[in-house]
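J.: Sequence first, then the predicted structure, then my questions.
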Amino acid sequence: MKRFLTGLQPTGSITLGNYIGAIKQMVKYQEEYDSFIFIADMHSITVPQDPETLSKNIRSLVATYIACGVDPNKNTIFLQSENIYHANVSWILECNTPYGLLGRMTQFKDKSQKHQNFMAGLYTYPVLMAADILIYDSDYVPVGKDQKQHVELARDIAESFNKRYGKEFFKLPEPLIPEEGAKICDLIDPTKKMSKSAENKKGVIMLLDDEKDIRKKIMGATTDSEMIVRYDIETKPGISNLITIYHELSGMTISQIEEKFKDSNYGTFKKEVADLVVSVLKPIQDRYYELINSKELDEVLDAGKIKTTEIAKIKYEELKNIVGLYR
Ligand code: ATP
Ligand code: LTN
């Protein structure tokens, strides 16, 4: 079975857009691959984080994923910072990565502009990411488009390491850009992607929003003056976005939805969308609150830590031998 590995940064609350566009895909992949999913908490401190908030976000992200259907029996779930070998492997890789290559990374160029007095970790970030990937002999690395360059760098690092030491030691990973899940747009400005970092939260549904807020946000979604529930992304982005949400959560096709609501006004349609969103999110939220302070969550992470530390230790010991770090 091919191995897939992906890391997620614990930097904020998950939105309905993340759920539809990314998490649902992950739940699908777990059936096909030996999948490793970790919280890239060490990556998140490459920019300033409040320690208490970070710690909460770490737990919360794990609980969210499991609540959404990422099954701990089908995935190895762990925290990057709990496996000490990631940083160790990263160091050896840093010593095998040309300095200049890292300066070409677009994420570094963007983030170093945004953060004054940024830290060295922001620059070496992609090498830690290469370590994450290469330790586990990962075949595929599903990432968003913005991370593709980093996976390609991991591949380049692996290739040049293998060449330098004359051994096929690291497997060359391939980025797996997920089949485009539907793009969910902001409810207030439906020409923009629904994004967790949006300033105006009225257009963003968070997975943990309570029922009242969800209903209020959907009822307040921007529409148009045609008053017909019809999919047309160009002239009716608001209604089309609500149709997409309905389609993704109900499994009905766009034309079935148009037919179902052909005699409804926007108020009735929005209410049905809200009912559906609430009915999908309610069990996710119930499961989340069950998990968040549970022993079960710790057991999942403990098991992940033990399993991945065993794998990583072997790889690290071999790596040390290859580069001559032995006595
Ligand atoms: P930020 O606001 O920090 O950019 P974000 O909410 O836009 O965060 P990302 O962290 O960039 O989300 O993306 C995480 C994953 O969720 C990616 O796979 C991305 O494709 C998916 N995703 C994010 N927003 C949406 C959306 N509105 N619709 C569909 N998929 C989305
Ligand atoms: N940089 C990624 C998170 C990440 C990752 C990884 C993804 C860290 N290490 C290894 C895939 C494989 C992000 O910001 N989404």
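T.: Everything's here; your move. Ligands and ions are numbered 1, 2, ... in the order given.
J.: For the rest of this, base every contact and every neighbour count on C-alpha atoms.
T.: Fine.
J.: Can you check the distance spanned by stretch 11-24, start to finish?
T.: 19 Å (Cα to Cα, to the nearest Å).
J.: ok, and does that stretch reach over to ligand 1?
T.: Yes: counting by Cα under 6 Å from any ligand atom, ligand 1 has neighbours in stretch 11-24: G17, N18, I20, G21, A22.
J.: doesn't H247 make contact with the third one?
T.: Think I20. No: the pair formed by I20 and H247 falls short of the contact definition of Cα atoms under 8 Å, at 10.6 Å.
J.: for the longest helix belonging to the chain, which positions count as buried?
T.: In the chain, taking DSSP state H as the definition, the longest helix is helix 295-323. For helix 295-323, burial by neighbour count (16 or more other Cα atoms under 10 Å) applies to 297-298, 300-302, 304-305, 308-309, 312-313, 315-316, 319.
J.: Can you flag which of the residues of stretch 11-24 next to ligand 1 belong to strands?
T.: Counting by DSSP state E, the residues of stretch 11-24 next to ligand 1 place none of their members in strands.
J.: and which of the residues you listed is nearest N73?
T.: A22 (19.6 Å; Cα to Cα).
J.: what's the spacing between the closest one and ligand 2?
T.: Counting by Cα to the nearest ligand atom, to the nearest Å, the gap from A22 to ligand 2 is 11 Å.
J.: what's S35 sitting at in phi/psi?
T.: Backbone torsions for S35, taken as degrees, to the nearest 10, come to phi -110, psi 140.
J.: What number of residues are in the vicinity of it?
T.: By other Cα atoms under 10 Å, the residues close to S35 number 23.
J.: repeat for Q116
T.: Q116 - counted by other Cα under 10 Å - has 8 other residues nearby.
J.: Assign a three-state SS to it, would you?
T.: coil (DSSP: H, G, I helix; E, B strand; the rest coil).
J.: Nearest spatial neighbour of the closest residue to ligand 2 within the stretch 151-300 of the chain, chain-adjacent residues omitted?
T.: Residue nearest to ligand 2 within the stretch 151-300 of the chain: V151 (7.2 Å; Cα to the nearest ligand atom). Nearest non-adjacent residue to V151, counting by Cα to Cα, 6 or more residues apart in numbering: P175, 5.9 Å away.
J.: what does D132 give?
T.: H86 (5.9 Å).
J.: List the contacts of the one you found.
T.: By Cα atoms under 8 Å, 6 or more residues apart in numbering, H86 lies in contact with Q80, L128, A131, D132, I135, A312.
J.: you'd agree V141 is in a strand?
T.: Yes: remark: V141 belongs to a strand, assigned using three-state DSSP.
J.: Nearest spatial neighbour of it, chain-adjacent residues omitted?
T.: P175 (4.7 Å).
J.: thinking again about what came up before, got a winner among the contacts of H86 for most neighbours?
T.: Neighbour-wise, the contacts of H86 (other Cα under 10 Å) top out at D132, 25 neighbours.
J.: where does the stretch 151-300 of the chain dip in pLDDT?
T.: 178-181 (pLDDT under 70).
J.: Please see if the helix or strand containing the residue nearest to D132 touches ligand 2.
T.: Assessed by DSSP states H and E, H86 sits inside helix 85-94. No: no part of helix 85-94 sits near ligand 2 under the criterion Cα under 6 Å from any ligand atom; the closest distance found is 9.9 Å.
J.: What is the subsequent helix or strand relative to that helix?
T.: Following helix 85-94 toward the C-terminus (DSSP H and E): helix 99-103.
J.: residues in contact with that next one?
T.: F108, K109, Y123, T124, P126.
J.: Chain neighbours aside, what residue packs nearest to the fourth one?
T.: Here the nearest residue to T124 in space, its sequence neighbours aside, is L102; by Cα to Cα, 6+ apart that works out to 7.0 Å.
J.: All set, thanks.
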